[in-house]
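In: coords please:
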Amino acid sequence: MQFRAVLVGIVLFVLTACATPVTDGRLRVVATTGQISDAVRAIAGDRVLLRTLLGPGIDPHTYIATESDLFALQEANLILYNGLHLEAGLSRVFENIHRRGYVRAVAVAEAVPQHLLLEWPDHDKAYDPHVWHDPQRWRYAVIAIRDALIAVDPAGSEIYQQRSERYLADLQALDRELRMMAERIPPERRILVTAHDAFRYFGQAYGLRVEAVQGISTATEASASTIRALTELVVTNRIPAIFAETSVSPRTIEAVQNAARAVGHEVRVGGALYSDSLGEPDGPAGTYFGMMRHNMQTIVEALTS
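Out: Predicted coordinates for the structure are as follows:
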């Protein structure tokens, strides 16, 4: 808490001490995650100059802002972040920036209706922030992104409206595609074991039971009792594969694999899923749609082989 207070103070000092941002006529947008940036690019195109704080493989739960991040925030016309405590170390910074009126800052995932949010166990009045893993829920965040762009750039309203309609239609088509892929998994194998608890929305959307070594935030430690319980689940259900994540150390998921092996069940690490970040920009998981297809394809292939 002391560190966060210092960070807030640094950011506010930078914002108040600097002059009006230098611009080239384009809207300067800072997005925290690749998922948000993907929607901004699709909706706004070259109308904005976009900076993404959290690149491939970066864990938002434990991220600490850099000096270049602070200057990007200072120069921004609009800040778009996930919210729901995903960017734990930055959320208070964004809230203070917005409240003091320096820059418009919007928590896009908080546009998802509360009845569609899953509770965060052991956190009072908190919700699972990983809403992008369900395209139907993510639609609400995309609409919030569109509306935020229109609010700071009314002249681009028609462009943002038209391009967002195409993006939203693509989300609907993606959801249908993923449902068809998930149907290939035999009912008895629809158990998804991952490194941390980021896939509950995904599991609810596509009929998978989701279990994880770590909790919703990677800041939580994996306990020996959780590893034992997951090992028993894997062995009892003869689960063929469990999954690492690109932004989380594979150490804990490998501990489950080794524990299962010790009692005679060989379970594979079926691949690495993109839980909190997209892949490299030039790779197959470098977009939101590519990331979602990669995750589903990886899961289906590992659980049906």
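In: gap between the residue nearest to residue 214 when sequence neighbours are not counted and residue 75?
Out: Distance criterion CB to CB, 6 or more residues apart in numbering; nearest residue to residue 214, sequence neighbours excluded, is residue 196 at 3.9 Å. For every residue, glycine as well, the C-beta is placed using N, CA and C. Per CB to CB, to the nearest Å, residue 196 is found 33 Å from residue 75.
In: Between these two, point out the one with more neighbours.
Out: Neighbour count, other CB atoms under 10 Å: between residue 196 and residue 75, residue 196 has more, with 26 against 18.
In: what's the more buried one in contact with, if anything?
Out: Taking CB atoms under 8 Å, 6 or more residues apart in numbering as the criterion, residue 196 is in contact with 212, 213, 214, 215, 216, 217, 218, 245, 248, 275.
In: What does the pLDDT read for it?
Out: Note on residue 196: pLDDT of 90.
In: Just give me the closest of the contacts of residue 196 to residue 102.
Out: residue 217 (27.7 Å; CB to CB).
In: neighbours of the closest residue to that closest one other than its chain neighbours, just the number please.
Out: Distances taken as CB to CB, 6+ apart place residue 61 nearest to residue 217, at 4.5 Å, with adjacent residues excluded. Residue 61: 22 surrounding residues under other CB under 10 Å.
In: ok, of the contacts of residue 196, which come out buried?
Out: Neighbour-count burial (16 or more other CB atoms under 10 Å) applied to those gives 212, 213, 214, 215, 216, 217, 218, 245, 248, 275.
In: Check the spacing between the fifth one and residue 84 real quick.
Out: Read it as residue 216. Distance from residue 216 to residue 84, by CB to CB: 10 Å.
In: Quick one: the strands in this structure, in order.
Out: 27-31, 48-52, 78-81, 104-107, 191-196, 209-214, 241-245, 268-273 (DSSP state E).
In: Reformat the ones you listed as a markdown table; add distance to residue 131.
Out: Formatted as a markdown table, the strands of the chain follow (distance: least, CB to CB, whole Å):
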| stretch | distance to residue 131 |
| --- | --- |
| strand 27-31 | 15 |
| strand 48-52 | 18 |
| strand 78-81 | 13 |
| strand 104-107 | 11 |
| strand 191-196 | 16 |
| strand 209-214 | 14 |
| strand 241-245 | 17 |
| strand 268-273 | 16 |
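In: Out of the ones you listed, which gets nearest to residue 136?
Out: Of the strands of the chain, nearest to residue 136 by CB to CB is strand 209-214, at 16.9 Å.
In: What segments of the stretch 101-250 of the chain are helices?
Out: Ranges of helices in the stretch 101-250 of the chain, per DSSP state H, counting those that start in this stretch, are 135-152, 157-182, 200-206, 224-236.
In: Least confident of the contacts of residue 196?
Out: At the low end of pLDDT for the contacts of residue 196 is residue 218, which has 72.
In: I'd like the distance between it and residue 90.
Out: 15 Å.
In: Ok, residue 102 next?
Out: 15 Å.
In: out of those two, which sits in the more crowded spot?
Out: Each of residue 102 and residue 90 has its neighbours counted (other CB under 10 Å); residue 90 has more, 25 against 18.
In: how many neighbours does the closest residue to that one other than its chain neighbours have?
Out: The shortest distance from residue 90 to any residue other than its chain neighbours is 6.1 Å, reached at residue 65 (CB to CB, 6+ apart). Neighbour count for residue 65, taken as other CB under 10 Å: 17.
In: isn't residue 65 right next to residue 89, touching?
Out: Yes. At 7.2 Å, residue 65 counts as touching residue 89 under the criterion of CB atoms under 8 Å.
In: circling back to that earlier point, pull up the gap between the residue nearest to residue 90 and residue 109, please.
Out: Residue 65 is 19 Å from residue 109, by CB to CB.
In: cool, and residue 189?
Out: Counting by CB to CB, the gap from residue 189 to residue 109 is 30 Å.
In: cool, residue 267 as well?
Out: For residue 267 relative to residue 109 (CB to CB), the value is 33 Å.
In: do residue 36 as well
Out: 9 Å.
In: Who has more neighbours out of the two?
Out: Per other CB under 10 Å, whichever of residue 36 and residue 109 has more neighbours is residue 36, with 29 against 26.
In: Quick check: bridge partners of the nearest residue to the more buried one once chain neighbours are set aside?
Out: Leaving aside its sequence neighbours, residue 36 sits nearest to residue 80 (CB to CB, 6+ apart; 5.1 Å). According to DSSP bridges, the residues that bridge with residue 80 are residue 31, residue 106.
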